[in-house]
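Visitor: I need the structure of the sequence given here:
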Amino acid sequence: MSFASLKKSTFTDLLAKAENLNKSETKSGPDERLWKPEVDKAGNGYAVIRFLPAPDGEDLPWAQVWSHAFQGPGGWYIENSLTTLGKKDPVSDLNRELWNSGAEGSPQRTQARNQKRKLNYYSNIYVVKDSANPSNEGKVFLYRFGKKIFDKVMESMQPAFEDETPVNPFDFWKGADFKLKITRVAGFWNYDKSEFDKPSVLGDLDDKELEGIWKTEHSLAAFTADDQFKTYEELKGRLESTLKGNFSKATADEDLEDLSEGRTPQEPAPEPVIANQGEDDTLSYFAQLAKDD
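Guide: Numbers count the residues shown, from 1 in each chain. Model prediction:
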C-alpha cells in the first residue's frame, strides 16, 4: 500500500477486511478444492479425469503424505506423520518399540499394525466427465487418492511388458484420460477396473487454453510445507493423550478413509483389525524399523 492509498483508506474498509478474515477463520466443511467421486446406491461410480502437470514453479505433479488415523482410549489420533519429511515421528518410534517387544500375533504387534501409517497422494486434475455432478466438468480440482490408483499411474509410466508404450499421464499433449471406475467390494471402494484411455491432447484444446488450465492449478508443495506438520514434541503429547485419556467414542469421519482401500465415508468405521500384508507393506515396514533401531 502506498502512502497515498493509506491516506484514502477508511475505517469501513478495515472493518470489512476484519469481517472477511473472521469468516475465513470460522468456515467449516469440506475443502472445496478437493474433487471426490460419487457412487450410486449399488456402490458403483464412474468419472473421467485427467492428471495435470506440476504447477508452475514445482517439480512433481503429485504430493505424497504419510499420516496416522487411529482410535485410542482418549479418542482419535489424526495427524500427518513427520516421516513424510524424512524425520522421526513419535508414532513410528512407538510402533518400533511395540514391534520389537512382541512376537507375531502378540497384542503389541496388533497395536502396531492398527497404528500403521497411511499413504495419500494429491494431484491436480481436470474433470472431463462427472455425470453425478456435471457442474464439475471442465474445472481444475485437487484429487486425493491412495496407493492403488498411484500404482496404476506408475504402471502407465513404467509398463511391465515390452509391447506396451510408456505414457506420461500428466502430460497435456501426450497424456491420457483416466477412466475412474468404482465398485463396492466387501464394503470398500475398489478401483481395480479403472484404466487409462489412449493418449490424446487434453480435450483437443489449443495451447492457449491448456496454459489457462495450467495457471489455475493448486500448489502441491503446500501439502508438505512445514506448517502442515506439528513438532515431534506436540505429536508426542497428542499421542500420549490419545492412548492414556478417558474413553470418548468418536464418530466416523470421511477424513479417516484409508484411500488405498477406498472405504466409503457413508459407512461406520469398522473395529480395528490386523491389516493384510499388502497394505503399506506392513511387515516389511516394521521389519525395517526394527533394523533401523
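Visitor: Please count neighbours and contacts with C-alpha atoms only from this point.
Guide: Noted.
Visitor: Check which helices and strands the helix or strand hosting residue 236 sits against.
Guide: Secondary structure from DSSP states H and E places residue 236 in helix 232-244. Other elements packing on helix 232-244 under the criterion 3 or more CA pairs under 8 Å, 6 or more residues apart in numbering; DSSP states H and E are strand 63-72, strand 75-80, helix 90-101.
Visitor: Include distance to residue 188 and mean neighbour count when you put those into TSV, please.
Guide: Written out in TSV, the entries for the helices and strands packed on helix 232-244 read as follows (distance: least, CA to CA, whole Å; neighbours: other CA atoms under 10 Å):
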stretch	distance to residue 188	mean neighbour count
strand 63-72	17	19
strand 75-80	21	20
helix 90-101	26	20
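Visitor: residue ranges for the strands of this structure, please.
Guide: With DSSP state E, the ranges of strands along the chain come out as 45-51, 63-72, 75-80, 118-129, 140-145, 176-185, 188-190, 195-199.
Visitor: Identify whichever of those strands lies nearest to residue 101.
Guide: Proximity to residue 101 (CA to CA) singles out strand 63-72 among the strands of the chain, at 19.6 Å.
Visitor: just how off-centre is the closest one within its chain?
Guide: Using CA atoms, centre = their mean, to the nearest Å, the distance from the centre of strand 63-72 to the centre of the chain it belongs to is 10 Å.
Visitor: What angle do helix 90-101 and it make with each other?
Guide: Regarding strand 63-72 and helix 90-101, their directions subtend 60 degrees when assessed with axes from the mean of the first three to the mean of the last three CA atoms, to 10 degrees.
Visitor: Not counting strand 63-72 itself, show me its contacts.
Guide: Contacting residues not belonging to strand 63-72 are listed as 76-84, 114-123, 220-221, 223-224, 242-244, 247, 256 [CA atoms under 8 Å, 6 or more residues apart in numbering].
Visitor: now do 6 Å
Guide: 76-81, 84, 115, 117-122, 220, 242-243 (CA atoms under 6 Å, 6 or more residues apart in numbering).
Visitor: do stretch 107-118 as well
Guide: Residues lying outside stretch 107-118 but in contact with it, judged by CA under 6 Å, 6+ apart, are 66-68, 70, 95, 98-99, 102.
Visitor: Tell me what the residue lying closest to residue 152 once chain neighbours are set aside is bridged to.
Guide: Among residues not flanking residue 152 along the chain, residue 195 sits closest, at 7.5 Å (CA to CA, 6 or more residues apart in numbering). Under the criterion DSSP bridges, residue 195 forms beta bridges with residue 179.
Visitor: I figured residue 195 hits residue 177, correct?
Guide: No: using CA atoms under 6 Å as the test, residue 195 is too far from residue 177 to be in contact (8.7 Å).
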